[in-house]
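Engineer: quick one, fold the following:
(chains A, B and C)
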Amino acid sequence: MNKRLQSINIPVFQTDLLEWYYLNKRDLPWRREPNPYKTWVSEIMLQQTKVDTVIPYFNRFMEKYPTVYDLAKADEQDVLKSWEGLGYYSRARNLQTAVREVVDTYNGEIPNNEKELASLKGIGPYTKGAILSIAFNQPVPAVDGNVLRVFSRILQIEDDIAKQSTKKEIEQYVGEIISHQDPSSFNQAIMDLGATICTPKKPTCMFCPVMEHCQAFQHGIQEQLPIKKKAKKQKIKQYVVLLIRNDQGEYVIEKRSDQGLLANLWQFPMVPLDEVGIDQIEQWMYDKCGIDLQMESDCDNLKHTFSHIIWEMDIKKASTSQNFLNKDSLMFIAKEEIDNFPFPVSHQKMMKFL
DNA sequence: AAGGCGGGGGC
DNA sequence: GCCCCAGCCTT
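Structural biologist: Next up, the predicted model:
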């Protein structure tokens, strides 16, 4: 056994953790009448996203797409609409790609082995382990941010948890500590522990079922762990956003590229000010989109922060006498119809000006 | 190994 | 303002 693991009594640790979990586990939609599909969908939605945010999305999604077959045959735009506001939209597109592969290649049965699961789009090391353990009760680690934090404290691991080597190390430890009696509950227990007690700031160690096993607690350094290097600052990008109305009361919307940021979502036309001067907007819109527009009035300034960019948007109203556009990615749409399209949150904030 | 990829909430 | 969240994919 590894030296670091000698600090804990594994059978006692498992019992302490699982008994706490059986009494205190959270009542979550994907834990009621679970099946591998529900586990899968929930795990994708929960990537980098808090439980409270996910719950309403999950419930709506399962109502609309109860099985892999329903999701496989759905229109991608409808799936994105269901995902609207949840962020990281490639998750939704990858999920649908993977579900279609499950239907086509695996007869609709979600694979229960590492190799086939890992080959599916959007399923990485964590999600693979989560599905194998939670849905199929296999003793496989599922190392997410919670698990990294909890075990960096329990085992007093002072390496940067952002590093690949640290993740592998912790994954190996979890593989040795995980309960073979109830691996599903074990992994979920660690996550519940991380979400409710072993929190990033001010962990409530007094309520922790495994405090006696925790190296960091014994040394009083739980708030110093885990070690993680700081994120980089976001770059600012400035845009003019145009609310272009024609004389039928319709507005121009455009579909974003099928890759990159907010792929395949719709938005109001955006003019990047690092490429186009403020006095060249009309000409640029005509050259690029074939829209002959007239600037009307200033509307508002909005700032929207992503994980890696900050958009500073100057919203302006404009008008055009056209009512037809010669491009698939551009269209006129009546105000009442705009709800049918998936929009990023940044542009939803502009709807009130229409 | 590093960067792209959303949005919300806590402090 | 900063940090974090049931991470994955591409380069």
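
Engineer: for A:Val240, which non-adjacent residue is closest in space?
Structural biologist: Distances taken as CB to CB, 6 or more residues apart in numbering put A:Val271 closest to A:Val240, at 4.4 Å, once the chain neighbours are dropped. Yep, even glycine has a C-beta here, placed from its N, CA and C like the rest.

Engineer: part of a strand, is that neighbour?
Structural biologist: Yes. Counting by DSSP: H, G, I helix; E, B strand; the rest coil, A:Val271 is located in a strand.

Engineer: following element in sequence after the helix or strand containing A:Glu43, please.
Structural biologist: Per DSSP states H and E, A:Glu43 falls inside helix A:36-46. Using DSSP H and E, the next helix or strand after helix A:36-46 towards the C-terminus is helix A:51-64.

Engineer: now that next one against helix A:36-46, angle please.
Structural biologist: Going by axes from the mean of the first three to the mean of the last three CA atoms, to 10 degrees, helix A:51-64 is angled at 140 degrees with respect to helix A:36-46.

Engineer: ok, helix A:51-64 near DNA strand B or not?
Structural biologist: Yes. Under the criterion of CB under 7 Å from any atom of the strand, helix A:51-64 makes contact with DNA strand B via A:52-53.

Engineer: for that helix, what is the distance to the chain centroid?
Structural biologist: Helix A:51-64 has its average C-alpha position 13 Å from the chain's average C-alpha position, going by CA atoms, centre = their mean, to the nearest Å.

Engineer: now do the nearest residue to A:Cys214 once chain neighbours are set aside against A:Cys208, distance only.
Structural biologist: Spatial nearest neighbour of A:Cys214, excluding adjacent residues (CB to CB, 6+ apart): A:Ile154 at 4.9 Å. Counting by CB to CB, to the nearest Å, the separation of A:Ile154 from A:Cys208 is 10 Å.

Engineer: now for the two: what residues contact both?
Structural biologist: Common neighbours of A:Ile154 and A:Cys208 (criterion: CB atoms under 8 Å, 6 or more residues apart in numbering): A:Cys214.

Engineer: for chain A, which residue gets nearest to DNA strand B?
Structural biologist: Nearest to DNA strand B, among the residues of chain A, is A:Gly87, at 2.6 Å (CB to the nearest atom of the strand).
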